[in-house]
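K.L.:
predicted model and sequence follow; I will ask about them next.
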Amino acid sequence: MRAAARRWFGAEPAVHLALAPCGGAVSWQSEREPGLFVWRRGAGVRRLPLGRAEVVDHTWWPAGGAVLAVLSGRHPRVVVHDEATGRTAEVTPEGAGEVHVVDRDQPRRGSLLLAGATPDGGRAWHLLSARTGPARPVPVPEGVSRLFSDPDDRPCAATARDADGALVVYAAQARAAGRADQADVRAAGPDGWHEVWRSPPPGALVTHPIDVTADGHGLYLSAPCRGGFLGVRLLDLRGGTVRTVLDDGGHDLDVVLDPVTRLPQLALVSAGARLEHRALDPELAADLAALTARHPGELQLAGLTRDNATWLVRLDDGRTPPRDLVWERRTGAVDPVPAGPPNRRAKSLLRLVGSRPATAGVAPTTTVTIPARDGLPLDGYLVTPSGPAARPYPTVLLVHGGPWSRDTWGLSPEAQWLAACGYASLRVNFRGSEGYGTRFLDLGRADWGGGMQDDLEDAVRWAVAEGHADPGRVAVMGQSYGGYAALMAATARPKAFALAVAVCAPTDLVAFLRHVRGSAHHERAHFLHRVGDPDRDADLLRERSPLTHAARCHTPVLLAHGRDDPLVPWTHATTMAAALAGHGHPHHCLVLSGEGHGITRPANRIRLAHVVSRQLAYHLAERRT
């Protein structure tokens with residue numbers, strides 16, 4: 001189990017891969033050692049001379065062979081390193097903290113847009129127009145969370161969310177020309193910006209900006225269309241009108257835009273359990289067919305060049321670790337990315353594809369359909385151990401967070417780790433998950449601990465009935481909402497599990513929502529709209545809180561939490577642990593320093609895996625009578 005934990009939760013050799021504008025190089029950060037690494041065809045992998053500081057974000061300069069990197073420290077630094085000259089210039093925006101790049105995929109010609117936190121918790125925007133700086137502040141309306149520029153690098157659109165969850169779109173004054181005399185175009189924030197469109201909840205909660213059109217006069221939105229399924233709509237920044245550009249009518253979809261024409265060129269369709277790619281022009285369709293014929297797998301696009309000729313893609317075939325490839329569309333040539341830092345002791349690292357050894361197989365993922373008790377079909381993903389183990393298996397139900405997120409078919413480190421340790425795992429997209437239209441999503445509204453919990457129990461019953469899971473040896477595990485669901489299963493619901501593992505879980509929904517209501521969290525409106533109001537709905541929320549039912553706990557519990565969690569304070573875990581201890585119920589509580597809402601540091605990931613593995617080994621051990 002220790003080897004499996006190190007393999008699946010240890011430091012990754014490459015994260016945050018980025019494609020150079022020329023298409024001939026790929027950069028990445030590494031969890032294994034600080035620095036920024038670049039691979040070029042024919043030149044191998046090299047570390048850029050940026051010192052020993054940790055790189056927390058980076059991107060390529062739009063016009064050529066320079067890299068912008070954000071370096072960690074008490075005061076974050078932003079530097080631009082020119083590979084041709086070997087020179088590094090500091091371009092840190094004055095007074096900005098926690099700087100990050102916000103426009104990697106926008107068709108910029110010669111500048112970069114940066115966002116940084118301000119001392120009062122707001123956001124400051126800066127435009128970097130030269131490699132040597134300085135960064136120029138960009139005045140925007142208050143509360144703006146996204147900023148978009150036209151191909152000439154002029155800010156033209158901005159979006160924000162009101163306290164009630166409404167999505168507000170602002171246009172630069174020149175874009176709104178001709179409408180300033182109308183009542184629904186109002187001056188907002190600094191001079192030069194006007195509000196052109198506002199969408200109220202609940203529709204606004206699932207509406208997101210994609211990017212601007214080639215002329216900067218329109219903004220593409222991912223928004224509800226026919227049948228409540230997500231499609232693509234286009235907002236005219238001059239007139240405030242919206243029209244549907246692309247929708248399916250039966251599935252949620254997203255798009256990849258052509259970097260030159262800014263027209264949709266590839267539709268990403270959530271077709272049930274799998275993601276489908278539909279090319280919107282015949283040439284791209286032929287190119288993709290040729291690529292996947294030679295390199296089968298589900299495709300994820302990580303980057304593309306401005307001329308659309310070179311793509312950085314990840315392909316996951318479900319049988320081997322995902323492969324990162326640089327694909328030349330015109331010639332069909334494919335170069336595997338040897339993602340990993342150079343290592344004098346183990347040059348085989350340079351033959352890595354993605355982040356795992358290409359020769360190391362993975363347990364296959366099977367898509368399944370699970371009928372809920374009310375007849376609603378639920379998509380799920382089953383991973384079973386290979387080797388001598390025989391059905392039915394000791395099984396772990398993995399519950400995703402959000403809950404307005406979803407599980408996908410791609411490789412799951414948790415599922416692979418469990419399979420390597422001899423456990424089957426089951427993931428299910430219960431009601432309230434995204435990817436199935438707004439009607440399915442809204443089935444989870446104000447339903448924490450209710451029908452959503454029924455779906456999880458129905459998934460276990462299905463796995464037992466199908467002969468996959470041993471009914472006496474099933475555990476439930478999750479993070480955030482998934483941890484909440486695990487605790488509800490251990491306390492307020494009939495006993496169905498031998499162990500519950502809850503990571504960063506809210507245990508008192510009234511206290512949690514009061515905390516969220518007073519915060520500036522980007523999903524604040526989601527929680528208040530989809531879970532409940534801590535005052536108006538206090539009685540229901542208390543009834544649906546694991547802490548309320550601690551005295552009735554019938555299942556051993558493992559609690560883990562990050563001490564710096566900004567969304568769910570770590571006291572949720574310790575308060576729950578104290579309540580369980582007061583009633584004599586078996587539990588273990590682990591609070592990890594330096595972690596936020598999620599356990600992200602490799603050492604802590606491995607530590608938590610070791611603790612979980614011991615609990616699983618004890619509580620899911622086969623006990624013969």
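P.N.:
On my side now, so go ahead. Residues are numbered from 1 along each chain as shown.

K.L.:
residue 422 contacts residue 396, doesn't it?
P.N.:
No: the criterion here is C-beta atoms under 8 Å, and residue 422 misses it with residue 396 at 10.9 Å. In short, each C-beta sits where N, CA and C put it, glycine included.

K.L.:
count the residues that sit near residue 264.
P.N.:
20 (other C-beta atoms under 10 Å).

K.L.:
quick one, what contacts it?
P.N.:
Residue 264 makes contact with 220, 232, 245-246, 255-258, 280, according to C-beta atoms under 8 Å, 6 or more residues apart in numbering.

K.L.:
and the residue nearest to residue 279 when sequence neighbours are not counted, what's its pLDDT?
P.N.:
Once flanking residues are discounted, residue 279 sits nearest to residue 285: 3.7 Å by C-beta to C-beta, 6 or more residues apart in numbering. In this model, residue 285 is scored at 95, pLDDT.

K.L.:
can I get the helix or strand where residue 285 lies as CSV, trimmed to CA atoms?
P.N.:
Using DSSP states H and E, residue 285 maps to helix 282-294. Coordinates of each C-alpha in helix 282-294 appear next as CSV, following Å, rounded to 0.1, in the frame of the first residue of the first chain:
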residue,chain,number,x,y,z
PRO,A,282,-14.8,18.9,-42.0
GLU,A,283,-11.1,19.6,-42.1
LEU,A,284,-10.8,19.4,-38.3
ALA,A,285,-13.0,16.3,-38.2
ALA,A,286,-10.6,14.5,-40.6
ASP,A,287,-7.6,15.6,-38.6
LEU,A,288,-9.0,14.4,-35.3
ALA,A,289,-10.1,11.1,-36.9
ALA,A,290,-6.5,10.5,-38.1
LEU,A,291,-5.1,11.4,-34.7
THR,A,292,-7.4,9.1,-32.7
ALA,A,293,-6.9,6.2,-35.1
ARG,A,294,-3.2,6.2,-34.4
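
K.L.:
so which residues of the stretch 501-625 of the chain form strands?
P.N.:
For the stretch 501-625 of the chain, applying DSSP state E, counting those that start in this stretch gives strands covering 557-562, 587-592.

K.L.:
using TSV, please lay out these together with mean neighbour count.
P.N.:
Output for those, formatted as TSV (neighbours: other C-beta atoms under 10 Å):
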stretch	mean neighbour count
strand 557-562	26
strand 587-592	19
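
K.L.:
nearest to residue 136, out of the ones you listed?
P.N.:
Shortest distance between residue 136 and these, using C-beta to C-beta, is found for strand 557-562: 36.1 Å.

K.L.:
same for that closest one, what does it pack against?
P.N.:
strand 499-503, helix 571-582, strand 587-592, helix 602-619 (3 or more C-beta pairs under 8 Å, 6 or more residues apart in numbering; DSSP states H and E).

K.L.:
again, 10 Å this time
P.N.:
For strand 557-562, the packing partners by 3 or more C-beta pairs under 10 Å, 6 or more residues apart in numbering; DSSP states H and E come out as strand 469-479, helix 481-491, strand 499-503, helix 571-582, strand 587-592, helix 602-619.

K.L.:
quick one, which of these gets closest to residue 78.
P.N.:
Here helix 602-619 is closest among the helices and strands packed on strand 557-562 (C-beta to C-beta), at 25.4 Å.

K.L.:
show me what the closest one is packed up against.
P.N.:
helix 2-9, strand 393-399, helix 413-420, strand 469-479, strand 499-503, strand 557-562, strand 587-592.

K.L.:
most tightly surrounded among those?
P.N.:
Comparing those by mean neighbour count (mean count of other C-beta atoms under 10 Å), strand 499-503 ranks first with a mean of 28.

K.L.:
pairing partners for it, with directions?
P.N.:
In the sheet, strand 499-503 lines up against strand 469-479 (parallel), strand 557-562 (parallel) (DSSP bridges).

K.L.:
thinking again about what came up before, what touches both of residue 422 and residue 396?
P.N.:
Common contacts of residue 422 and residue 396 (C-beta atoms under 10 Å, 6 or more residues apart in numbering): 616, 620.

K.L.:
taking the centroid of this protein, which residue is nearest it?
P.N.:
residue 405 (8.6 Å; C-alpha atoms, centre = their mean).

K.L.:
can you say which of the helices and strands packed on helix 602-619 is nearest to residue 276?
P.N.:
Taking the helices and strands packed on helix 602-619 one by one with C-beta to C-beta, helix 413-420 is closest: 22.0 Å.

K.L.:
export that closest one as PDB, just CAs?
P.N.:
Coordinates of each C-alpha in helix 413-420 appear next as PDB, following Å, rounded to 0.1, in the frame of the first residue of the first chain:
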ATOM      1  CA  PRO A 413      -5.800   8.500  -8.800                       C
ATOM      2  CA  GLU A 414      -8.000   7.500  -5.900                       C
ATOM      3  CA  ALA A 415      -9.600   4.700  -7.800                       C
ATOM      4  CA  GLN A 416      -6.300   3.500  -9.200                       C
ATOM      5  CA  TRP A 417      -4.800   3.500  -5.700                       C
ATOM      6  CA  LEU A 418      -7.600   1.500  -4.300                       C
ATOM      7  CA  ALA A 419      -7.400  -1.000  -7.100                       C
ATOM      8  CA  ALA A 420      -3.700  -1.500  -6.500                       C
END
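
K.L.:
I'd like the mean pLDDT over the next helix or strand after it, please.
P.N.:
Counting by DSSP H and E, the next helix or strand C-terminal to helix 413-420 is strand 424-428. Strand 424-428 carries an average pLDDT of 98.

K.L.:
which helices and strands does the next helix or strand after strand 424-428 pack with?
P.N.:
Beyond strand 424-428 in the direction of the C-terminus, DSSP H and E gives the next helix or strand as helix 437-442. In this structure, helix 437-442 packs against strand 218-224, strand 230-236, strand 252-257, with contacts taken as 3+ C-beta pairs under 10 Å, 6+ apart.

K.L.:
next SSE after helix 437-442?
P.N.:
helix 451-465.

K.L.:
would you mind listing the buried residues in that next one?
P.N.:
451-464 (16 or more other C-beta atoms under 10 Å).

K.L.:
so which elements touch it?
P.N.:
strand 365-371, strand 377-383, strand 393-399, strand 424-428, strand 469-479, helix 481-491.

K.L.:
and the angle from the first one to strand 377-383?
P.N.:
By that I understand strand 365-371. 150 degrees (axes from the mean of the first three to the mean of the last three C-alpha atoms, to 10 degrees).

K.L.:
one more: the fourth one?
P.N.:
Direction vectors for strand 424-428 and strand 377-383, defined by the same axes, to 10 degrees, enclose an angle of 150 degrees.

K.L.:
please save the CA atoms from strand 424-428 in CSV.
P.N.:
The C-alpha coordinates for strand 424-428 follow below in CSV (Å, rounded to 0.1, in the frame of the first residue of the first chain):
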residue,chain,number,x,y,z
ALA,A,424,-13.0,-2.0,-6.0
SER,A,425,-14.3,1.6,-6.2
LEU,A,426,-17.5,3.1,-7.5
ARG,A,427,-18.2,6.7,-8.5
VAL,A,428,-21.6,7.9,-9.3
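
K.L.:
nearest to residue 91, of the strands paired with strand 499-503?
P.N.:
strand 557-562 (31.9 Å).

K.L.:
now do that closest one against strand 587-592, angle only.
P.N.:
Going by the same axes, to 10 degrees, strand 557-562 makes 10 degrees with strand 587-592.

K.L.:
ok now strand 557-562, how far from the chain's centre?
P.N.:
When distances are taken as C-alpha atoms, centre = their mean, to the nearest Å, strand 557-562 is centred 22 Å away from the chain's centroid.

K.L.:
picking that back up, turn the helices and strands packed on helix 437-442 into JSON lines, columns for mean pLDDT and distance to residue 194.
P.N.:
Below are these laid out as JSON lines (pLDDT from 0 to 100; distance: least, C-beta to C-beta, whole Å):
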{"stretch": "strand 218-224", "mean pLDDT": "96", "distance to residue 194": "14"}
{"stretch": "strand 230-236", "mean pLDDT": "97", "distance to residue 194": "13"}
{"stretch": "strand 252-257", "mean pLDDT": "94", "distance to residue 194": "25"}
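
K.L.:
perfect, I'm done here.
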